[in-house]
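In: requesting a structural model of the entry that follows:
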Amino acid sequence: MEKLEKELRESKFAELMNKHFAASSIPKGIHCLSLRLTDEYSSNAHARRQLPSPELLPVLSNNSYYHFVLSTDNILAASVVVTSAVQSSLEPEKIVFHIITDKKTYAGMHSWFALNPVSPAIVEVKGVHQFDWLTRENVPVLEAVENHNGIRNYYHGNHVAGANLSDTTPRTFASKLQARSPKYISLLNHLRIYLPELFPNLDKVVFLDDDVVIQRDLAPLWEIDLRGKVNGAVETCKGEDEWVMSKHFRNYFNFSHPLIARHLDPDECAWAYGMNIFDLRAWRKTNIRETYHSWLKENLKSNLTMWKLGTLPPALIAFKGHVHPIDPSWHMLGLGYQSKTNVENVKKAAVIHYNGQSKPWLQIGFEHLRPFWTKYVNYSNDFVRNCHILES
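Out: I've put the predicted structure just below:
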């Protein structure tokens, strides 16, 4: 009996490892799409046309429009976010999307939106290399994070070597694997902390992750009175769902670390990244960025013993006292975590978020939740069709 239990346990951990590698890999169709669109940028003048056209450039800093920011290297995911936002809007002519991507994806991302305009909405595509402000002097910590040997080994090394699987539960192991996703050391993932500097002329923006779908008009977000706060976010500590909506600081931080124990309350409510309304005017009066940097440095110095997982923990500290809770119906989380998600609740949410490993563009995505995403994929597009990105 004991041998059988051991074999079952080992097979569960193997399944989690396989899922982790599936979630971390780039599907062949999405890789194909990026390569073909990059090639199109080189050979087709239409794919290189200015975005937006010169006469619309003033709109990029016009605060009477609804400005969305999306930071991603996934062209297909970006197209779904933008298309779903525009189709769900009551005033699409007032939507401006600022898409930020990395240098290798820039040409392909630009090609997609140049060849597939979402008029009357306006789209700007910029590579991180095109922002004068993003210098090594201004983001020293991020360079350190990406070059630090210990960090690189942590995110890219052997995830099982040295792990005592007999002392951990499958759920804890799954959380540790998720924490090792290479995206967490990507500059694109940290960019949101620099929004006031990257968009110096904007007053308010909605920042979206690339694994969301917009199902309702989001214009009312700009009307929410944040009461002087910087970040309008959905709190994640007040739901019955223990996997997604019962998160407190204790879920993210190591309270046996003296600095954490001294400065943070384990019972403080956490909040969600992925759909946030940011008041950049209020933000510019704070030291949020400096706080974020200093805690990132401390965690690096402590060899990642203060927290393991991504960009949310330092943000939870940096935005302390600067968060205004918004109604949970604005942002439904967990569609990439659990298959038991209530489909009726999904239909009612303004923004649904496939946070977790089971992204809708992956084979391991949940079949009954995928159609909410695939309905915004343009399967008649030649590039999508030729790369065999098929509706499933």
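In: what's the burial count for Phe131?
Out: Phe131 is flanked by 16 other residues according to other CB atoms under 10 Å. Heads up, the C-betas are built off the backbone N, CA and C, glycines and all.
In: make sure it is actually in contact with Leu198.
Out: Yes. Judged on CB atoms under 8 Å, Phe131 makes contact with Leu198 at a distance of 5.9 Å.
In: what touches both of the two?
Out: Residues touching both Phe131 and Leu198 (CB atoms under 8 Å, 6 or more residues apart in numbering): Ile100.
In: any low-confidence regions in the stretch 101-250 of the chain?
Out: Filtered on pLDDT under 70, the stretch 101-250 of the chain yields the residue ranges 140-185, 240-243.
In: 80 instead?
Out: For the stretch 101-250 of the chain, applying pLDDT under 80 flags the ranges 136-137, 139-186, 239-244.
In: close enough to count as contact, Met332 and Asn355?
Out: No. Proximity of Met332 to Asn355 does not meet the contact threshold set by CB under 8 Å, at 10.2 Å.
In: give the contact list for Val351.
Out: 208, 212-216, 218, 274-275, 330-332.
In: any idea how far stretch 222-230 is from the chain center?
Out: 22 Å (CA atoms, centre = their mean, to the nearest Å).
In: for it, list every residue counted as buried.
Out: For stretch 222-230, burial by neighbour count (16 or more other CB atoms under 10 Å) applies to 222, 226, 229-230.
In: got the end-to-end distance for that stretch?
Out: Stretch 222-230 has an end-to-end distance of 13 Å (CA to CA, to the nearest Å).
In: touching it from outside, list them.
Out: With CB under 8 Å, 6+ apart as the test, stretch 222-230 has contacts from 66, 204, 206, 232, 277-279, 282-283, 286, 288, 319, 322-324, 326.
In: ok, Ser64 - how many residues close by?
Out: If you count neighbours by other CB under 10 Å, Ser64 ends up with 6.
In: look up phi and psi at it.
Out: Note on Ser64: backbone dihedrals following degrees, to the nearest 10 are phi -90, psi 0.
In: same question for the one 3 residues further on.
Out: Main-chain torsions, His67, degrees, to the nearest 10: phi -100, psi 120.
In: I'd like the buried residues of stretch 222-230 as a markdown table, with distance to Leu37 appended.
Out: Formatted as a markdown table, the buried residues of stretch 222-230 follow (distance: CB to CB, whole Å):
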| residue | distance to Leu37 |
| --- | --- |
| Trp222 | 32 |
| Leu226 | 38 |
| Lys229 | 39 |
| Val230 | 36 |
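In: reformat these into TSV and put secondary structure next to each item.
Out: TSV is the format used below for those (DSSP: H, G, I helix; E, B strand; the rest coil):
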residue	secondary structure
Trp222	helix
Leu226	coil
Lys229	coil
Val230	coil
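In: strands of the stretch 1-150 of the chain, residue ranges please.
Out: For the stretch 1-150 of the chain, the strands defined by DSSP state E, counting those that start in this stretch occupy 66-71, 95-101, 122-127.
In: tell me how far the second one is from the chain's mean position?
Out: By that I understand strand 95-101. 14 Å.
In: that one packs against which elements?
Out: Where contact means 3 or more CB pairs under 8 Å, 6 or more residues apart in numbering; DSSP states H and E, strand 95-101 is packed against strand 66-71, helix 75-88, helix 103-115, strand 122-127.
In: buried residues of it, list them for me.
Out: 95-101.
In: listing partners with orientation, what would you give for it?
Out: Sheet neighbours of strand 95-101, with direction, are listed as strand 66-71 (parallel), strand 122-127 (parallel) (DSSP bridges).
In: got a list of contacts for the first one?
Out: This points to strand 66-71. For strand 66-71, contacts defined as CB under 8 Å, 6+ apart pick out 78, 81-82, 85, 89, 91, 94-101, 188-189, 191-192, 195, 199, 202, 204-210, 218-219, 222.
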